[in-house]
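K.L.:
got a predicted structure plus its sequence, pasted below:
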Amino acid sequence: MKKAIIIRYCEIHLKGKNRGFFEKLLRENIKKSLKGIQFNFTSMHSRYLIEDFDDCDLEIIENKLRKIAGIHTYSIANVVDNDLGQIIDCVLALCEEKCGTFKVETNRADKTFSPNSMETSRLLGGKILEKYAGKLKVEVKNPDFYVYVDIREDGKTFVYSDVVHTLSGMPVGSAGKGLLLISGGIDSPVAGYMTCKRGMKIESLHFHSYPYTGIAAKEKVIDLAKIVGEYNGGMRLHVVSFTKIQEEIHKNCPAEFMITIMRRFMMRIAEKFCYNNGLQAIITGESLGQVASQTIESITSSNSVVSIPVLRPLIMFDKNDIIDISRKINAYETSILPYEDCCTVFLPEFPAIKPILQKVIDAESKLDVDGLIEEAMSNIETIVV
Ligand code: ATP
Ligand code: MG
């Protein structure tokens, strides 16, 4: 039987005069994501329709739809003509594998179709009970499943039952552009995913400390960037060599401030990169109090060197909740691979948990901050994943 996919969005409904902008972006994002697949795409009253695709592409299409921010739900419908006989057969076939209680909901946009929607629902309900007596029962208030019958003006009727909930959020690209600071850990890929889900298009920046951190550590970050990129319509990953900066800090500054000063360098480089590339915010995977570098004093210290907005989607999340999302997006197994990150190199035994800003600034004054940043920025590798 012919199939169609009905796609619905949610929060875009709340938009006023600029609603068209969000709808257009979502349409474009869906089409881009399904590039290479044959299908027909139409809009219908705040919903989108995908039709005329090859049945063997259905699973691929569903997997893509599940990763497109802005889509709230979708349903796979069977398509028949606006013909009562065909509709009855289709509804009965749909109920074949069902059990429990049901309710039929008919929507009749084709006003030439008779009977009307109430009567159609009643008639179909009767047919279902007749055929599946003992197995299925009507329940109007809280049924186990619905049978939706959508009789459209263009002569087609959609029959379906399941409504699959997907990402929700807002279309990627509707909330500006940002730079994700991505490590090989659990948190930053989750922060990136959440940013895409809210509609910000992101690029990623990773600090690599070769040879202290090896090729495998970098490969792991590429894999994570790829996973986040599935929600972002692809990903550009920029890799900055951090080795010299770390060595200089290690050589010239008190060990307790190693991490704090490293963070300040990361933020400065990220901000410069944003300004050079038209990006509007830095995104990190920090979570309040999770480690020494994420106390409010540490965050104050790293935040104070930049003026660009720093978004921290996970700031009030517990680790377990972050892990749940990491598993959901299939990043967890990659994130826990045991490769070192630049933050674990030169890690002092007793990092300052509440660094005093003035002491950090004094310690940092031993370094050629501008020179080191310029050198790091002159040699950035960009990988399109
Ligand atoms: P994650 O799980 O994301 O690695 P974490 O809990 O290990 O985070 P930190 O090491 O303190 O915490 O890092 C805090 C944030 O700083 C990270 O979420 C990430 O945004 C950024 N960050 C850390 N290391 C790097 C790196 N090597 N390159 C780019 N960004 C980094
Ligand atoms: Mg980390």
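P.N.:
Great, that's in hand. Numbers count the residues shown, from 1 in each chain. Ligands and ions are numbered 1, 2, ... in the order given.
K.L.:
pull out the buried positions in the helix or strand hosting residue 89.
P.N.:
Element membership for residue 89, per DSSP states H and E: helix 84-95. By 16 or more other C-beta atoms under 10 Å, the buried positions in helix 84-95 come out as 84, 86, 87, 88, 89, 90, 91, 92, 94, 95. Any C-beta I mention is one placed from the backbone N, CA and C, and that applies to glycine too.
K.L.:
how near is the last one to ligand 1?
P.N.:
Taking C-beta to the nearest ligand atom, to the nearest Å as the measure, residue 95 and ligand 1 are separated by 47 Å.
K.L.:
spell out which helix or strand contains the residue with the largest distance to the centre of the chain, please.
P.N.:
Using C-alpha atoms, centre = their mean, the residue of the chain lying farthest from its centre is residue 130. It sits 45.0 Å away. Taking DSSP H and E as the definition, residue 130 sits inside helix 117-131.
K.L.:
next one: residue 327
P.N.:
Per DSSP H and E: helix 319-328 holds residue 327.
K.L.:
pLDDT averaged over that helix - what is it?
P.N.:
The average pLDDT within helix 319-328 is 98.
K.L.:
and for residue 100, the neighbour number?
P.N.:
When neighbours are counted by other C-beta atoms under 10 Å, residue 100 registers 11.
K.L.:
tell me which residues touch it, please.
P.N.:
136, 137, 143, 144, 145 (C-beta atoms under 8 Å, 6 or more residues apart in numbering).
K.L.:
drop anything exposed from these.
P.N.:
Counted by 16+ other C-beta under 10 Å, those give 136, 143, 145 as buried.
K.L.:
what pLDDT does the residue in the chain that ligand 1 sits nearest to get?
P.N.:
The nearest approach of the chain to ligand 1 comes at residue 185, 2.2 Å away (C-beta to the nearest ligand atom). Note for residue 185: predicted pLDDT of 95.
K.L.:
before we move on, what SS does it have?
P.N.:
Classification of residue 185 by DSSP: H, G, I helix; E, B strand; the rest coil places it in coil.
K.L.:
just to check, it is in contact with residue 342?
P.N.:
No - Residue 185 lies out of contact with residue 342 (C-beta atoms under 8 Å); the separation is 11.2 Å.
K.L.:
so how far is residue 48 from residue 40?
P.N.:
11 Å (C-beta to C-beta, to the nearest Å).
K.L.:
neighbour count winner among the two?
P.N.:
Between residue 40 and residue 48, counted using other C-beta under 10 Å, the more crowded position is residue 48 (20 against 10).
K.L.:
what's stretch 134-145 in contact with?
P.N.:
Contacts to stretch 134-145, defined as C-beta under 8 Å, 6+ apart, come from residues 95, 98, 99, 100, 101, 102, 103, 125, 128, 129, 161, 162.
K.L.:
in these, find the pair that's most separated.
P.N.:
Spatial extent of the contacts of stretch 134-145 (C-beta to C-beta) is set by the pair 129 and 162 at 21.0 Å.
K.L.:
those two: who's more crowded?
P.N.:
residue 129 (16 against 13).
K.L.:
residues in contact with that one?
P.N.:
136, 137, 138.
K.L.:
SS state for residue 8?
P.N.:
Assignment for residue 8 (three-state DSSP): strand.
K.L.:
what distance do you get for it to residue 94?
P.N.:
In terms of C-beta to C-beta, residue 8 sits 19 Å off from residue 94.
K.L.:
repeat for residue 45
P.N.:
Going from residue 45 to residue 94 by C-beta to C-beta gives 23 Å.
K.L.:
what of residue 322?
P.N.:
39 Å.
K.L.:
nearest spatial neighbour of the residue of the stretch 51-200 of the chain found nearest ligand 2, skipping sequence neighbours?
P.N.:
Across the stretch 51-200 of the chain, no residue is closer to ligand 2 than residue 185, which sits at 3.2 Å (C-beta to the ion). Leaving aside its sequence neighbours, residue 185 sits nearest to residue 335 (C-beta to C-beta, 6 or more residues apart in numbering; 6.0 Å).
K.L.:
now residue 278
P.N.:
residue 177 (6.6 Å).
K.L.:
and that neighbour, how many neighbours?
P.N.:
So residue 177, with other C-beta under 10 Å, has 16 neighbours.
K.L.:
you'd agree it is up against residue 283?
P.N.:
No - Residue 177 is beyond contact range of residue 283, at 10.7 Å (criterion: C-beta under 8 Å).
K.L.:
need the overlap of contacts for the two.
P.N.:
In contact with both residue 177 and residue 283: 200, 202, using C-beta under 8 Å, 6+ apart.
K.L.:
what parts of the protein come near ligand 1?
P.N.:
Residues of the chain found near ligand 1 (C-beta under 6 Å from any ligand atom) are 181-183, 185-188, 205-207, 284-286, 290-291, 293-294, 341-343.
K.L.:
alongside ligand 2, which residues does the stretch 201-350 of the chain contribute?
P.N.:
residue 341 (C-beta under 5 Å from the ion).
K.L.:
helices of the stretch 201-350 of the chain, residue ranges please.
P.N.:
215-229, 243-252, 258-277, 296-303, 319-328, 332-335 (DSSP state H, counting those that start in this stretch).
K.L.:
can you add mean neighbour count and distance to residue 76 and give those helices back as a markdown table?
P.N.:
Formatted as a markdown table, those follow (neighbours: other C-beta atoms under 10 Å; distance: least, C-beta to C-beta, whole Å):
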| stretch | mean neighbour count | distance to residue 76 |
| --- | --- | --- |
| helix 215-229 | 20 | 26 |
| helix 243-252 | 17 | 52 |
| helix 258-277 | 21 | 40 |
| helix 296-303 | 19 | 46 |
| helix 319-328 | 16 | 22 |
| helix 332-335 | 17 | 29 |
